[in-house]
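A.B. asks: Here is my input, please return the structure:
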Amino acid sequence: MKLSALIFLVFSSLHLCQSTLQNYTSIFSFGDSLADTGNLLSIGSISFSSIARFPYGMTYFGHPTGRCSDGRLIIDFIAEAFGLPMLPPYLAHGESFRQGANFAVAGATALDSDFFQEIGVARFLWSNLSLSTQLGWFEELKPSLCNSTQDCSRYFSKSLFLVGEIGGNDYNYGFFVGKTLEEMKSHVPKVVEAIVNSTERLINNGAMHLMVPGNLPVGCSPAYLTAFSSSNKKDYDRRNGCLKRLNNFAKFHNSVLRQGLRRLQRKYPRTRIIYADFYGAAIPFVHAPKHFGFTHGALTACCGGGGPYNFNPSAMCGHNGSNVCSNPSSFVDWDGIHLTEAAYHSIAINLLKGPYTSPSLMS
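C.D. replies: Model (predicted):
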């Protein structure tokens, strides 16, 4: 191929990417600690007070912001990709929400607290700020954003709604108090129904573009690897050392969620409902971390209290007895539960440029 033809193809490709990029003017985000940019901190909750202390925020901000990481989250990188500022937490005072708001709260669940009361784990909840509560906050904010059906339709036609990641805590609370895999699997349809119903509620409020993420490969989490360690080598994936049954559980949740979203898309054909494959976007650097610049592997926490995976529930990151690595960008995992800014950046890039959103987020 001639050089001139190659250059033409390159510039044509770049022009195509630019011309098909959605021009979102605002983003509204819901979810849990994977997306919380400061709401739990604004509440003043002491249930996970370590996020208010160094080393949280050490990489990018230089101080804690309420993000459960050393720096930015997936939502921060997505906002940046569309030329928007980082989303202010809804519970912060004196903020403008014209370009979006973040309603996510660390520890939040898809299901309301009465469900956890029924299964006997309500006393372990960090808060009662479930997904339905977050949608209630959005509906309280909505009149300040638009004041008529036509105005709201015009405004939200250029808005992106991120419904999650959510659902992980619904399972965490059960797993960590001894509920069996089979019992937790029986709750998946309820969790997914809550997510799908919340997505529909946003559509009925005027949302036209919605992205709904699935769950991460939790079998690779240092917290789960520590809590559910096994002497049986067959319980671990030979490729990466993750717990197979827990990753299969995450895949099951994601499969049920995709089915629910497909039904919703058929019901609302004029909306754009995007499934975000967090599992698929993350698993490549679990399989081959060094290929992506993670020299310390994917299963060891940067900040923690020791042990095979540097996770100790008695000395969690930010507490006495914990230590922090000098270079978080060389780690996938931050504190045994959450990921580093570098890992979140890699996931965001995969969502924006890879085949991990269906339909594509960028078009």
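
A.B. asks: Distance check, Ser230 against Gly219.
C.D. replies: Ser230 sits 11 Å away from Gly219, going by Cβ to Cβ, to the nearest Å. From N, CA and C alone the C-beta is placed, and that goes for glycine too.

A.B. asks: swap in Thr357?
C.D. replies: Separation of Thr357 from Gly219 (Cβ to Cβ): 23 Å.

A.B. asks: which residues do Ser230 and Gly219 both contact?
C.D. replies: Leu243 (Cβ atoms under 8 Å, 6 or more residues apart in numbering).

A.B. asks: For the two, indicate the residue with more neighbours.
C.D. replies: Set side by side, Ser230 and Gly219 show more neighbours around Gly219, with 25 against 11, by other Cβ atoms under 10 Å.

A.B. asks: can you pull the pLDDT of the more buried one?
C.D. replies: On pLDDT, Gly219 comes in at 97.

A.B. asks: And for Ser4?
C.D. replies: 37.

A.B. asks: So Arg72 sits against Ala342, correct?
C.D. replies: No - applying Cβ atoms under 8 Å, one finds Arg72 not in contact with Ala342, separated by 9.7 Å.

A.B. asks: can you give me how far whichever strand or helix holds His253 is from the chain middle?
C.D. replies: Per DSSP states H and E: His253 is located in helix 244-267. Its chain's average C-alpha position is 15 Å from that of helix 244-267, according to Cα atoms, centre = their mean, to the nearest Å.

A.B. asks: Mind listing what's buried along it?
C.D. replies: For helix 244-267, the neighbour count (16 or more other Cβ atoms under 10 Å) marks 246-247, 249-251, 253-254, 256-258, 260-261, 264-265 as buried.

A.B. asks: How about stretch 40-60?
C.D. replies: For stretch 40-60, the neighbour count (16+ other Cβ under 10 Å) marks 40-43, 45, 48, 50-52, 55-59 as buried.

A.B. asks: Sitting in helices, which of those residues do you find?
C.D. replies: Using DSSP state H, 40-43 are the members of the buried residues of stretch 40-60 that sit in helices.

A.B. asks: Tell me which stretches of the stretch 1-150 of the chain form strands.
C.D. replies: Counting by DSSP state E, counting those that start in this stretch, one finds strands in the stretch 1-150 of the chain at the ranges 26-30, 100-102.

A.B. asks: quick one, which of the ones you listed is nearest to Arg123?
C.D. replies: strand 26-30 (24.8 Å; Cβ to Cβ).

A.B. asks: Contacts for the closest one, please.
C.D. replies: Strand 26-30 is contacted by residues 35, 75, 78-79, 82, 84, 87, 98-104, 131, 134-135, 138, 155, 158-164, 166, 198, 207 when judged by Cβ under 8 Å, 6+ apart.

A.B. asks: How about stretch 38-56?
C.D. replies: Taking Cβ under 8 Å, 6+ apart as the rule, stretch 38-56 contacts 33, 63-70, 88-92, 102-107, 126-127, 129, 303, 316-319, 324.

A.B. asks: So which of those are in helices?
C.D. replies: Applying DSSP H to the contacts of stretch 38-56, no entry is found in helices.

A.B. asks: what's the neighbour count on Met362?
C.D. replies: 15.

A.B. asks: wait, isn't it in contact with Leu352?
C.D. replies: Yes - contact criterion Cβ under 8 Å: Met362 and Leu352 qualify, at 5.9 Å.

A.B. asks: quick one, phi/psi of Met58?
C.D. replies: phi -70, psi -30 (degrees, to the nearest 10).

A.B. asks: In stretch 350-362, which residues are buried?
C.D. replies: In stretch 350-362, counting by 16+ other Cβ under 10 Å, buried: 350-352, 356-357, 361.

A.B. asks: The nearest residue to Pro189 once chain neighbours are set aside: what's it in contact with?
C.D. replies: Spatial nearest neighbour of Pro189, chain neighbours left out: Val256 (6.3 Å); criterion: Cβ to Cβ, 6 or more residues apart in numbering. Going by Cβ under 8 Å, 6+ apart, Val256 touches 188-189, 192.
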